[in-house]
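Colleague: Make a model of this:
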Amino acid sequence: MARVRYAVAGSPVAHSLSPLLFGLVVSNLEKFGKKIPLSMKHTDVTLVETSGIEDALGWGYAGHSPHAPLWQYTAAPFGKYRTKALFERAIQSAMKIEDSDSRLVSDYESELLVEISQSPTATEDSNHPPSQWLDNEVWLNLTSPLKHQLSSDAVSTIDHSMKLQAVNTLRWDGQGWWCAGVDGLGVVSVAQYHGVDAESGALLGLRGGGGAARSTASAWINAGGKIRIFEGRRPLELPFEFEEDSSDKSLDFVIDFDGDSEILPAFESCPLQLDPRYSAVEGDFNQRVQLMQLHPLDGRWMLTAQHLEAWRHLWAPQYADYLPSLGLLLTQLIHAENVLFENA
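Modeller: Numbering: from 1, shown residues only. Predicted coordinates for the structure are as follows:
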């Protein structure tokens with residue numbers, strides 16, 4: 001039976017819903033019994049509050065974080081009884097849901113066709129992560145400001161996230177570190193789930209210049225889509241040349257990573273919009289689902305999609321066919337979050 005330690009590292013991380021997503025995916029995989037050697041009782045989940053990648057890797061090696069922040073949803077650190085009890089209650093309750101809420105079901109759902117190992121920046125053979133788990137593994141999600149900090153020959157990358165300075169997923173397999181950047185694949189997946197297919201040449205409107213924006217631009221272009229860049233707080237700089245769309249064609253999908261800037265008319269008129277941010281919300285399960293239907297789409301869509309891509313491409317590629325759908329996992333996440341809210 002594989003044992004996994006999982007953490008979200010960055011600053012701030014107290015608001016992160018990724019621990020819930022991790023627990024939900026593990027619990028979904030548990031349903032397949034002995035086919036998949038992983039269970040919640042063999043996993044540890046925590047938050048690593050840090051502004052330096054060294055601390056995140058240090059936690060991976062030693063399993064100790066100098067400062068355990070209070071998780072926003074339980075007002076207690078991971079490892080404490082309150083968080084452990086409420087976390088387990090939320091997961092167990094959410095796992096009673098076996099189908100996507102009908103309001104979150106896609107008419108376009110299909111396998112994400114983009115291969116993470118392919119990239120317009122490819123200059124050498126891509127690496128492939130181990131196809132099996134070892135006895136003790138460490139998995140990490142990185143958030144701001146860590147995504148651009150990883151640059152080491154000692155880390156094997158399955159894509160070009162280090163060149164993009166957009167690493168958000170790490171895996172220690174017991175022998176070495178592996179990394180990937182799946183923010184962009186998450187965006188492509190959300191768009192496809194809502195009927196916008198980058199592979200068919202769909203036009204993405206993009207504002208922002210950070211790691212998630214770079215990852216999104218690369219993944220969209222790699223999938224066969226076109227992008228039109230809008231000026232933001234900082235320029236979008238990519239380590240490869242590409243042809244930006246300069247036509248007067250209407251945008252098919254937009255994402256604004258500079259959400260505190262003035263709303264652009266071209267974005268406002270686009271029928272499919274995604275806000276990469278998410279914040280705590282109130283209301284019952286029904287009200288929360290209704291919020292997921294509004295535009296711009298809530299950042300929980302992107303968060304859930306990129307989390308699935310981390311499992312699919314780096315953490316558990318051998319079990320990709322067993323993963324829950326985007327709609328089901330988002331439904332379960334909303335339910336689990338609501339349970340935590342009701343018990344706060």
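Colleague: Can you check the pLDDT for the residue most central in space within the chain?
Modeller: Centroid check for the chain by CA atoms, centre = their mean gives residue 306 as the closest residue, at 2.9 Å. For residue 306, the pLDDT comes out at 98.
Colleague: Looks to me like it is in a helix.
Modeller: Yes. The assignment for residue 306 is a helix, going by DSSP: H, G, I helix; E, B strand; the rest coil.
Colleague: so how many other residues sit close to the closest residue to it other than its chain neighbours?
Modeller: Nearest residue to residue 306 in three dimensions, chain neighbours excluded: residue 186, at 2.9 Å (CB to CB, 6 or more residues apart in numbering). Glycine gets a C-beta too; all of them are placed from N, C-alpha and C. Residue 186 has 28 neighbours, counted by other CB atoms under 10 Å.
Colleague: what does residue 96 give?
Modeller: 8.
Colleague: tell me the secondary structure for it?
Modeller: coil.
Colleague: Check whether residue 134 really touches residue 175, as I assumed.
Modeller: Yes. If you go by CB atoms under 8 Å, residue 134 and residue 175 touch, sitting 7.2 Å apart.
Colleague: Between those two, point out the one with more neighbours.
Modeller: Using other CB under 10 Å, the more surrounded residue of residue 134 and residue 175 is residue 134, with 12 against 8.
Colleague: so how far is residue 139 from the residue of the chain most remote from its centre?
Modeller: Relative to the centre of the chain, and counting by CA atoms, centre = their mean, the farthest-placed residue is residue 248 at 31.9 Å. Noted for residue 248: a distance of 45 Å to residue 139, by CB to CB, to the nearest Å.
Colleague: and what of residue 305?
Modeller: In terms of CB to CB, residue 305 sits 17 Å off from residue 139.
Colleague: These two: which has the busier surroundings?
Modeller: residue 305 (25 against 22).
Colleague: Might you report the residue contacts of residue 5?
Modeller: 43-44, 46, 60, 63, 136-139 (CB atoms under 8 Å, 6 or more residues apart in numbering).
Colleague: returning to that earlier point: is it true that the residue nearest to residue 306 touches residue 297?
Modeller: No. If you go by CB under 8 Å, residue 186 and residue 297 don't touch, sitting 11.9 Å apart.
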